[in-house]
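Visitor: below: sequence and its predicted model.
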Amino acid sequence: MPRLKQSKISRNFLLGSLVFTLTMAVYLFTLAPTITMEDSGELVTAAYTLGIAHPPGFPLWVLLGKLFTFIPLGTIAWRLNLMSAFWGALAAGLFAVLINRLTNRWWLGLAFSLILAFSPIYWSQSVIAEVYTLNIFFVILSSLLLVIWQEKRADKYLLWFALLFGLSLTNHTMMILLAPAFALFIMVVDHKIFSKWQLILKMLLLALVGFSVYLYLPWRAAMHPVFNWGPITTWQDVIVHIARAQYNDFDLLGAWHGKTGIIVSFFFTIYQDFFAPTLLLAAAGLIYLWRKNNPLAILTAGVFLGNSLGIIYLRKFGWGIGIDYTYRVYYLPAFMIVIFWSALIVSYLNDLLVDFFKTKKLIWLRASQLVFGLMVVSLPLSFLTGNYRGNDLSDFWLNYDYGRNLLNSLEPNSVYYFAYDGSLHGDTEIFTLLYLQIVEGQRPDVSVVSESNILNYRVRIKVPPSHFKLDFEQRRGEILHLLNEVKDRPKYANFSVGSGNNDLGLFSLTNGYAHKIFGNIQEATPSAWRLDLAALRGLDQIDEASPYPVRGLVAHYYYNLAARYLVDGNQDKSTAYLIKAFNLDAVPFGHEYQRFLGYRGDWHAAW
C-alpha cells in the first residue's frame, strides 16, 4: 500500500512538473520585455522600491516581486513579468494535479490544465506584471487542499488551508468573495465542525497570521518609501487602504440594468474564449459533480458565482467598454471552474465510451479510447496556436517608447502636469512615467505633477478639499491656476490647454507627446516648439482589434498629432490623424474629441 501511495504522489508530481515546464516555456517566449499597459509600471515600481501600491496595496505581491528583482537577467520589469509567468505556470500544474486526483486520468489533467494556461485572458496575465496569476494560484491550491482534506479528514490540511487563505488576502482582497464557498464546503463535509472549537480557533489564528502581511503597509509607510500611494499615517489610513475606500465603488443595489449587461458579456466571453460547447459541457459537468460529490459541487459553484456575479453585483458599475475590459481578469477563477467542470464531464463521457465498447472486441475499445484521447489532448494545441499571436508580447514596447519619448521631448527642469481622465490609457501614461523616473532614473529633472500626488517630488500642488467635487474640466482649470504660480520653469500638460479649460488666457502647443503651456495664444506659434515624432515601436500594428487600453493610448497620440498639424496649417494631415484617432477611440465622441473641437475653435478664432 505505501508503494501505491508513493506511486500516486510521483504521478501527480510528474504531471504537475510536465504542465509547469510546457507552460513556462511558452510564457518565456511570449513574455513582455518591459512594462506594459495599465498597472504594470506602478506595480513594478512598488516592488522595486518596496513601496506601497494602490489600494489594497498587494503587500505579498510586492514582497515576492522584490525577490524576483534580484534575478540577474533582463530588465527590472522583465523580472516582474517573469514572476507572473511563474505563478501562472505553477497554478496550471496544480490544476492538472487537481483534475487527475478527481478523475484518475492524467491525460485529462494534462489537456485541460493546458487549455486553461493557453486561454486568452489567463495567458495575457501570465506575461505581464500583474497580481492575477498569484491570485489564481491561491484559488487552485486552496481548493486542492480542501479536496485532500475531504478525502483524508486530517486536520492539518484545514490548518494549511486557513494559513494560505489569510495569506492570499494580502495578494488581493478579492479572495474574500470565495470565503462563503470555502466555509460552506467545510460545513457540508463535516457537520460537526462547529463543535470542534479548538480547530476553528487554530484556523482563525493561522488565517490572521497570513493576513498579518498587511502590517507591511504601516511599516513601510513609516520609512517614507520613494513610492507611496498613501498617505498612510494612522491605523485608520491602513484600514481605508486595505478596504479600497477611496474608490467608493461598492453598491449592491445600483445600476441593476447595466449589471445585467455585464452578466451577458461574462457568458459571451466564456463562449468566445473557449470552444463553442463549453457552456453546455460545464453545465453538464456541474450536474454530474452534484450527483457524485455534492460538497465539491457546492464549492466549485460558489467559486464560480463569487468571481462572477459576486463581483458584478457588489460593485456599482453598469456595463461599459472599459468596465467589460477591466472585469475580464477578475473572472479568472470562474473560467477555471468552467474548465474544471468540462474536464469532469469529458471523463464521464470517456466512461460511457468504455461501457459501450467493452462488449466489443478489445481492439475496438483501445482504438476508440485512443481516438477520444487524441481529440481531447489536441484541444490545447488549438488554444496554443490560436491565441499565440494575440498574447505574444515579446516585442511590445509601445507605452515604454511613448513615455520615454514624452520625457525626452520636455525641456530641462520642466514641470509636467498629468491630469487623470479616468481612462485605462491614463493609468498607463502616469505609471509608465513612474517606472521610467524611479526605476530607470530617466529625466529626474522633470517634475511630474498629478492630483493624486504620485510623482510630486519638486512641485507640491496642495489641492483644496473641494477640488474633487468639481467636474472634469473645472478640476483642470483649478490645477492650472495652482501651476501658474510656479515661476521660471517650463510647464507642460497631457491635454490641450485653451479657453475651454482655463480663464488665465493660457494656451498650449503639442509635439505629439506633451502640450507646452504658453502665456497666450500669440506665444504659442508653431515655431515656438518643434514637432517631435520619435518612433513608437509597433505603432503600425495597432488597429481596431487591438486591446482597449492600447487603442486608447494610440488614439490619444493621434489626437495630439491632429492638433499639431492643425496649428501648422496642414489640414490634410490633421484630418487624417483625426480620423485615425476617431477610429481607435473607444468613446469617439468623448472628452478627447470634444477638446480637439474646442482647441480647433480657439485657433480658428485667432486666425
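Guide: Okay, I see it.

Visitor: what are the phi and psi angles of Lys516?
Guide: Main-chain dihedrals, Lys516, degrees, to the nearest 10: phi -80, psi 130.

Visitor: quick one: the helices in the stretch 301-450 of the chain?
Guide: Assigned by DSSP state H, counting those that start in this stretch, the helices in the stretch 301-450 of the chain fall at 309-314, 321-327, 332-357, 362-391, 398-408, 424-434.

Visitor: least confident of these, on average?
Guide: Per-stretch mean pLDDT for these is lowest at helix 362-391 (a mean of 81).

Visitor: Leu482 is nearest to which of the helices of the stretch 301-450 of the chain?
Guide: Proximity to Leu482 (C-beta to C-beta) singles out helix 424-434 among the helices of the stretch 301-450 of the chain, at 18.0 Å. From N, CA and C alone the C-beta is placed, and that goes for glycine too.

Visitor: where does the chain have low pLDDT?
Guide: 1-9, 356-366, 368-369, 452-463, 465, 467-468, 526-531, 605-607 (pLDDT under 70).

Visitor: where exactly do the strands run in it?
Guide: Read by DSSP state E, the chain holds these strands, from start to end of the chain: 415-418, 447-450, 491-493, 507-510, 515-518.

Visitor: which of the ones you listed sits closest to Gly74?
Guide: Short answer: strand 447-450, nearest of those by C-beta to C-beta, at 25.8 Å.

Visitor: that closest one: partners in the sheet, and parallel or antiparallel?
Guide: strand 415-418 (parallel) (DSSP bridges).

Visitor: returning to what we had before: will you turn the strands of the chain into JSON lines that also has mean neighbour count and distance to Tyr348?
Guide: Output for the strands of the chain, formatted as JSON lines (neighbours: other C-beta atoms under 10 Å; distance: least, C-beta to C-beta, whole Å):
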{"stretch": "strand 415-418", "mean neighbour count": "24", "distance to Tyr348": "55"}
{"stretch": "strand 447-450", "mean neighbour count": "23", "distance to Tyr348": "55"}
{"stretch": "strand 491-493", "mean neighbour count": "25", "distance to Tyr348": "61"}
{"stretch": "strand 507-510", "mean neighbour count": "26", "distance to Tyr348": "62"}
{"stretch": "strand 515-518", "mean neighbour count": "23", "distance to Tyr348": "62"}
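
Visitor: redo the helices of the stretch 301-450 of the chain as CSV? Include mean neighbour count.
Guide: Listed next are the helices of the stretch 301-450 of the chain as CSV, based on neighbours: other C-beta atoms under 10 Å:
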stretch, mean neighbour count
helix 309-314, 18
helix 321-327, 17
helix 332-357, 20
helix 362-391, 14
helix 398-408, 22
helix 424-434, 23
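
Visitor: would a markdown table of the strands of the chain with distance to Ser40 be doable?
Guide: Output for those, formatted as a markdown table (distance: least, C-beta to C-beta, whole Å):
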| stretch | distance to Ser40 |
| --- | --- |
| strand 415-418 | 17 |
| strand 447-450 | 17 |
| strand 491-493 | 24 |
| strand 507-510 | 25 |
| strand 515-518 | 25 |
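
Visitor: related to what we said a few turns ago, turn the helices of the stretch 301-450 of the chain into JSON lines, columns for distance to Ala276.
Guide: Supplementary listing: these in JSON lines, determined by distance: least, C-beta to C-beta, whole Å:
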{"stretch": "helix 309-314", "distance to Ala276": "23"}
{"stretch": "helix 321-327", "distance to Ala276": "21"}
{"stretch": "helix 332-357", "distance to Ala276": "12"}
{"stretch": "helix 362-391", "distance to Ala276": "12"}
{"stretch": "helix 398-408", "distance to Ala276": "33"}
{"stretch": "helix 424-434", "distance to Ala276": "30"}
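
Visitor: give the contact list for the residue nearest to Gln442 when sequence neighbours are not counted.
Guide: Counting by C-beta to C-beta, 6 or more residues apart in numbering, Gln442 lies nearest to Leu436, which is 4.4 Å off, once chain neighbours are set aside. Under the criterion of C-beta atoms under 8 Å, 6 or more residues apart in numbering, the neighbours of Leu436 are Gly41, Tyr400, Gly403, Arg404, Leu407, Gln442, Arg443.

Visitor: who are the contact partners of Glu384?
Guide: One correction, residue 384 is Leu, not Glu. Contact analysis of Leu384 by C-beta under 8 Å, 6+ apart lists Val26, Leu114, Phe118.

Visitor: do you know how far it is from Phe29?
Guide: Leu384 sits 11 Å away from Phe29, taking C-beta to C-beta, to the nearest Å as the criterion.

Visitor: about what we covered before: out of the strands of the chain, flag the one nearest Lys196.
Guide: With C-beta to C-beta, the closest approach to Lys196 among the strands of the chain belongs to strand 447-450: 52.1 Å.

Visitor: only alpha carbons, please: show that closest one as CSV.
Guide: Extracted as CSV, the C-alpha positions of strand 447-450 are listed here (Å, rounded to 0.1, in the frame of the first residue of the first chain):
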residue,chain,number,x,y,z
SER,A,447,8.7,67.2,-12.1
VAL,A,448,5.5,65.3,-12.8
VAL,A,449,2.5,66.9,-11.1
SER,A,450,-0.7,65.0,-10.6
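
Visitor: what touches both of Leu384 and Phe29?
Guide: When contacts are counted by C-beta under 8 Å, 6+ apart, Leu384 and Phe29 are jointly contacted by no residue.

Visitor: can you get me a residue count around the closest residue to Ser347 other than its chain neighbours?
Guide: With C-beta to C-beta, 6+ apart as the measure, Thr103 is the residue that lies nearest to Ser347, at 4.1 Å, once sequence neighbours are left out. The tally of other residues near Thr103 (other C-beta atoms under 10 Å) stands at 19.

Visitor: distance check, Thr103 against Pro549.
Guide: 39 Å.

Visitor: can you check Pro72 too?
Guide: With the distance defined as C-beta to C-beta, Pro72 ends up 31 Å from Pro549.

Visitor: of the two, give the one with the bigger neighbour count.
Guide: Residue environment comparison for Pro72 versus Pro549 gives the larger neighbour count to Pro549, 22 against 5, counting by other C-beta under 10 Å.

Visitor: just confirm the more buried one contacts Glu38, I think it does.
Guide: Yes. Taking contact to mean C-beta atoms under 8 Å, the distance of 5.7 Å between Pro549 and Glu38 places them in contact.

Visitor: identify the contacts common to those two.
Guide: Leu424, Asp427, Thr428.

Visitor: from those residues, pick the one nearest Leu206.
Guide: Lowest distance from Leu206 to the shared contacts of Pro549 and Glu38 (C-beta to C-beta) belongs to Asp427, with 35.7 Å.

Visitor: tally of neighbours for Asp602?
Guide: 19.
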